[in-house]
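return atomic coordinates for the entry below.
(2 chains)
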Amino acid sequence: MRLEPKPAPSITVLLLYPVAAILVTLVIVSLLVLAAGASPLSVFGLVAKGAAGSQFALLETLTRATPLIFTGLAVAVAFRAKLWNIGAEAQLYIGAVVTVVLGTGALPLPAGLLIPIIAIAAMAGGALLLLGPALLKTRFGVDEVVTTLLLNFIVLLFVSLLLEGPLKDPMGLGWPQSPKVIAEAQLLRIIQGRRLHFGFIIAIVSAIVVWIIMKRTALGYEMRAVGHNPEASRFAGIPVNKVLMKTALMSGGLAALAGFSEVSGLKGNLTLDLSPGFGYSGIVVAMLAMLNPLGVVVTAIFVAGVFVGADAMSRSAGVPSYIADVMVATALLTMVTAMMFTRYRVRWR
Amino acid sequence: MTVLRLTNITKRFGPLVANDAISLELASGETVALLGENGAGKTTLMNILFGHYVADEGTVEAFGNTLPPGDPRAALNAGIGMVHQHFTLADNMTVLENITLGTEPLWSPRSGRRSAGARIRQLSSDFGLAVEPSAQVASLSVGERQRVEILKALYREAKILILDEPTAVLTPAETDALFKTLKMLVAKGLSIIFISHKLAEVMAVSDRVLVLRGGKLAGERRTAETNRAELAALMVGQELKAPEVKPSRAGEPAMILDRVSTKGTGFRLENLSLTLRAGEITGLAGVSGNGQSVLAALIAGTETPASGEITIRDRRVAEWSPRAALTNGVGRIPEDRHAVGSIGDMSVTENVIAERYRTDRFSRMGFLNWTAARSFAEEIIRDYDVKCPSPDARIRLLSGGNMQKLILGRALDSEPAIILANQPTRGLDVGAVAYVHGRLLAARERGAAILLISEDLDEIQTLSDRIIVMSKGRLSEPSMRGERTVAQLGELMAGHGLEAA
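Numbers count the residues shown, from 1 in each chain, chains lettered A, B, ... in the order given. So this is what the prediction gives:
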């Protein structure tokens, strides 16, 4: 079995293959649902209903999508330049830590000033965290997959240390959690009484800004060039290492915004379960979107919908909500495979 | 007796027909040369024979048995051995390990090292392939590595040996040794397919010549009954006309390397001095891998001098980088247009602005002006006669010649005072070669100082006003046009008569 390159794919192929990928995903997941003793059609119906069947469900999905948009953008930006940032999870937590440190009363400023300051500081924190692995990569050739991945555990343990020590809420009855951020540091809710907050708007704006940077600016051009062919880029005079540094700053900053928006907009304080793996899911989101910043918004909402919908479904149908993980993972595999088939054909002999 | 028969082999890659109904027969004890320009389909044909590709039509028969398509192991078992242009050896293993790799049963408790070593020594002495079985491949010279490749095939009892451009990396003396070995192999009854685009070698080594052109069989001749001129005409499909080169008068020094040494991990240059003069083409001859790529990188700015000085138009250069080279007026045509000269998955437009996207013409406040970029691409496409569907096409889709024209346009459009042309015509068809040569000569006429690096001695001799030979990182004294014969240049290429600087 071998792969042979195909000439440039037509538009129909580019549109049909993803649809085929989704169908294949549904078939595979159906088998698992059958194995769990439920009817696939009703389970899919319940997932869809739980994700978007009511205003409440839809807003819940968008709330869940917000951090995924940030981490998805972080990964999309980094992967575009072939900087393999697997550490969005750690950068998210650093963003959350900065938010708590500055937002619990240390800076007595009005909301209009305080929130931008916290957001920028959080971004700086995440950016600096990724700068380390980027420097190790460009200076010494240390594999950033390893360094960024392992930093996730270091940072999580560091947060745990903070929550048992300096950041521990004195009123928290001994739970490892930080105090709540003050009212001036909280993002407003978009609809009164619902959980969807302005972090979602910031996420959408970020996606548009990142898209403009990638498409229209010299920096975006440099990042794409470095990602496609670093050697040719260097030869043409593109400062490859500098571009990788800028990419790292951007990527780390975006991931940190996820932590900022979760704390300031939703949870109010920092706990060790702030992120159920948003950093890792960001990789899935970015890959499904084929690293397109606007596509990230769509796929983040899709992935969030699957998770939110599966939660609702498992309560009524009795199929474990882990089916959501399977569904997202299968979708990723089929999508990546479908994309490969748009460019290659398989020869069996 | 016919040992190998290819019948009507056809292979298409999309719209491109790489092999068009090609048939070939090989008798035992015969050496057949497969002659053709790069892109004529020689390598594709051999890859089909060896099972790396599956032919769309046609069959391969070895010793009377049809080989299953797409199965290299079947080809190996049938006694076909291939020596690739780019060696397939593991650097960190010994010669013996490389040769026996894949020949031993996977679950055998112990490997028959001693008997393998004895057999390799026997084969070495039988065929003049001197190499020490226990030596590590990383420590071997290019010529020795090629011998290991041949031994590898013989060890597997190959009866048919395919050599793909075997002399590209050899000095003239090593080439002679290889030819002696080939004669011995044929005397023992082996059959050889010798792939080359060099006429002299084909004449020297083969019994029969098959000429491929544009994927088709253009002609078949007995070597004894033909001559170089006829083969050349068959190969390119037209009479070859050498470009007319008027003698030039060299001007002021445009770029001076003064006792430059490089650090780096690979090949190092030590105390190398070189002067490029305005209005003159300096040809750098030499067997590849003798330091040309480091010297080219140095001039292109991707390598920085560890000591010594670079002077450009009487000004000593302080900072040296690709961007510094560009701002100092060095136009660069890289050796590898796919890996270094272009970004395959980006568009023609994105590729042509790669060296100057930061200038006012193409960007303002960090935002790119894609309209200006596109019109620049259209300008290059028009001025340099590039055939491409649109400026938005991915550059990967262009043919080698058109890609090179685009790179040429990118490098020469700003009329640089210094031009580095590293293997500028490698792999191009005749028309594109003539075009590139014409452009380089035109640049010389307007006063550019040009360094032409090429493995093709004919090209060097035709274009260069001054020839320097590089061997083992050292440069020879320059000779003027026509001053040294090919034999003298060959001696220098082998490293004879080069003083340590």
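
low-confidence ranges, chain A, go.
Within chain A, the stretches falling below the threshold (pLDDT under 70) are A:1-2, A:4-9, A:348-349.

can you show me the helices along it?
A:11-35, A:40-52, A:55-80, A:88-103, A:111-140, A:144-164, A:199-216, A:218-228, A:230-235, A:240-261, A:278-288, A:293-317, A:323-343 (DSSP state H).

could I get those as JSON lines with mean neighbour count and distance to chain B?
Yep, even glycine has a C-beta here, placed from its N, CA and C like the rest. Putting the helices of chain A into JSON lines (neighbours: other Cβ atoms under 10 Å in any protein chain shown; distance: least, Cβ to the nearest Cβ, whole Å) gives the following:
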{"stretch": "helix A:11-35", "mean neighbour count": "14", "distance to chain B": "14"}
{"stretch": "helix A:40-52", "mean neighbour count": "19", "distance to chain B": "35"}
{"stretch": "helix A:55-80", "mean neighbour count": "26", "distance to chain B": "12"}
{"stretch": "helix A:88-103", "mean neighbour count": "29", "distance to chain B": "24"}
{"stretch": "helix A:111-140", "mean neighbour count": "19", "distance to chain B": "14"}
{"stretch": "helix A:144-164", "mean neighbour count": "17", "distance to chain B": "21"}
{"stretch": "helix A:199-216", "mean neighbour count": "18", "distance to chain B": "6"}
{"stretch": "helix A:218-228", "mean neighbour count": "22", "distance to chain B": "5"}
{"stretch": "helix A:230-235", "mean neighbour count": "21", "distance to chain B": "5"}
{"stretch": "helix A:240-261", "mean neighbour count": "27", "distance to chain B": "10"}
{"stretch": "helix A:278-288", "mean neighbour count": "26", "distance to chain B": "17"}
{"stretch": "helix A:293-317", "mean neighbour count": "22", "distance to chain B": "17"}
{"stretch": "helix A:323-343", "mean neighbour count": "18", "distance to chain B": "10"}
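
of those, which is nearest B:L452?
Within these, the stretch nearest B:L452 is helix A:230-235; the backing value is 18.4 Å (Cβ to Cβ).

what's next to the closest one, contact-wise?
A:82, A:222, A:225-226, A:240, A:243, B:300, B:302, B:322, B:332, B:334, B:339-343, B:354 (Cβ atoms under 8 Å, 6 or more residues apart in numbering or on different chains).

give me the buried entries from the residues you listed.
Members of the contacts of helix A:230-235 that pass the buried threshold by neighbour count (16 or more other Cβ atoms under 10 Å in any protein chain shown) are listed as A:222, A:225-226, A:240, A:243, B:300, B:302, B:322, B:332, B:334, B:340-343, B:354.

outline the domain layout of chain B.
When chain B is parsed with automatic domain parsing, its domains come out as B:2-236, B:253-493.

out of the ones you listed, nearest to A:F158?
Taking Cβ to Cβ as the criterion, A:F158 comes closest to domain B:253-493 out of those, the separation being 35.5 Å.

roughly how far is that closest one from the heart of the chain?
In terms of Cα atoms, centre = their mean, to the nearest Å, the centre of domain B:253-493 is found 16 Å from the chain centre.

rewinding a little: return the member of the buried ones among the contacts of helix A:230-235 nearest to B:A434.
Each of the buried ones among the contacts of helix A:230-235 was scored against B:A434 by Cβ to Cβ, and B:G341 proved nearest at 19.9 Å.

ok, so of the buried ones among the contacts of helix A:230-235, who is nearest A:F307?
With Cβ to Cβ as the yardstick, the closest approach to A:F307 among the buried ones among the contacts of helix A:230-235 comes from A:V226, at 33.6 Å.

okay, and B:V60 sits in which element?
With elements taken from DSSP states H and E, the one containing B:V60 is strand B:57-62.

wait, I meant B:G117
Assigned by DSSP H and E, B:G117 belongs to helix B:113-127.

would you mark the buried spots in that helix?
Applying a neighbour-count criterion of 16+ other Cβ under 10 Å, one finds B:A116, B:G117, B:R119, B:I120, B:L123, B:S124, B:F127 buried in helix B:113-127.

could you do stretch A:180-193 as well?
Along stretch A:180-193, these residues count as buried under the neighbour rule (16+ other Cβ under 10 Å): A:K180, A:V181, A:I182, A:E184, A:A185, A:Q186, A:L187, A:R189, A:I190.

find the closest residue to chain A in the stretch 1-150 of chain B.
Going by Cβ to the nearest Cβ, chain A is nearest to B:G14 of the stretch 1-150 of chain B, at 4.2 Å.

can you get me a residue count around that residue?
One way to gauge burial is a neighbour count; for B:G14, by other Cβ atoms under 10 Å in any protein chain shown, it gives 11.

leaving out sequence neighbours, find the closest residue to B:N19.
Closest residue to B:N19 in three dimensions, ignoring its sequence neighbours and counting by Cβ to Cβ, 6 or more residues apart in numbering or on different chains: B:K11, at 4.3 Å.

and that neighbour, that's in a strand?
Yes. Inclusion of B:K11 in a strand is indicated when DSSP: H, G, I helix; E, B strand; the rest coil is applied.

so who does it touch?
With the criterion set at Cβ under 8 Å, 6+ apart, B:K11 makes contact with B:V17, B:A18, B:N19, B:G41, B:T44, B:L45, B:I48, B:Y53, B:A55, B:D56.

how about B:A254?
Listed by Cβ under 8 Å, 6+ apart, the contact set of B:A254 reads B:L276, B:R277, B:A278, B:I312, B:R313, B:A417, B:I418, B:A448, B:A449.

may I ask you to confirm that the last one is in contact with B:L276?
Translated: B:A449. Yes. In this structure, B:A449 sits in contact with B:L276. The criterion is Cβ atoms under 8 Å, and the distance is 4.1 Å.

more neighbours, these two?
Using other Cβ under 10 Å as the criterion, B:A449 and B:L276 rank with B:A449 on top: 29 against 25.

so the spatially closest residue to the more buried one that is not a sequence neighbour: helix, strand or coil?
The shortest distance from B:A449 to any residue that is not its chain neighbour, by Cβ to Cβ, 6+ apart, is 3.6 Å, and that residue is B:A254. Per three-state DSSP, the secondary structure class of B:A254 is strand.

and the one 3 residues further on, by the same measure?
The assignment at B:L257 comes out as strand when based on three-state DSSP.

and it, bridged to which residues?
In this structure, B:L257 has beta-bridge partners B:L274, B:I310, where bridges are defined by DSSP bridges.

how much space between it and chain A?
Relative to chain A, B:L257 is positioned 19 Å away (criterion: Cβ to the nearest Cβ, to the nearest Å).

for that residue, list the residues it contacts.
With contacts defined as Cβ under 8 Å, 6+ apart, B:L257 is in contact with B:L272, B:S273, B:L274, B:T275, B:L298, B:I299, B:P305, B:G308, B:E309, B:I310.

likewise for B:I453?
B:L284, B:Q292, B:L295, B:A296, B:E335, B:L420, B:A421, B:N422, B:Q423.

can you give me phi and psi for the closest residue to the first one other than its chain neighbours?
Taking Cβ to Cβ, 6+ apart, and ignoring the residues beside it in sequence, B:L284 has B:I453 as its nearest neighbour in space, at 4.5 Å. The phi/psi pair for B:I453 (degrees, to the nearest 10) reads phi -100, psi 130.

who does B:I453 form a beta bridge with?
Each beta-bridge partner of B:I453 is listed here, defined by DSSP bridges: B:L284, B:N422.

just the pLDDT for it.
Note on B:I453: pLDDT of 94.

could you measure from it over to B:A300?
Note on B:I453: its distance to B:A300, by Cβ to Cβ, to the nearest Å, is 11 Å.

which neighbours do those two have in common?
With Cβ under 8 Å, 6+ apart as the test, B:I453 and B:A300 both reach B:L420, B:N422.

between B:A449 and B:L276, which contacts overlap?
Taking Cβ under 8 Å, 6+ apart as the contact definition, B:A449 and B:L276 share the neighbouring residues B:P253, B:A254, B:M255, B:T282, B:I418.
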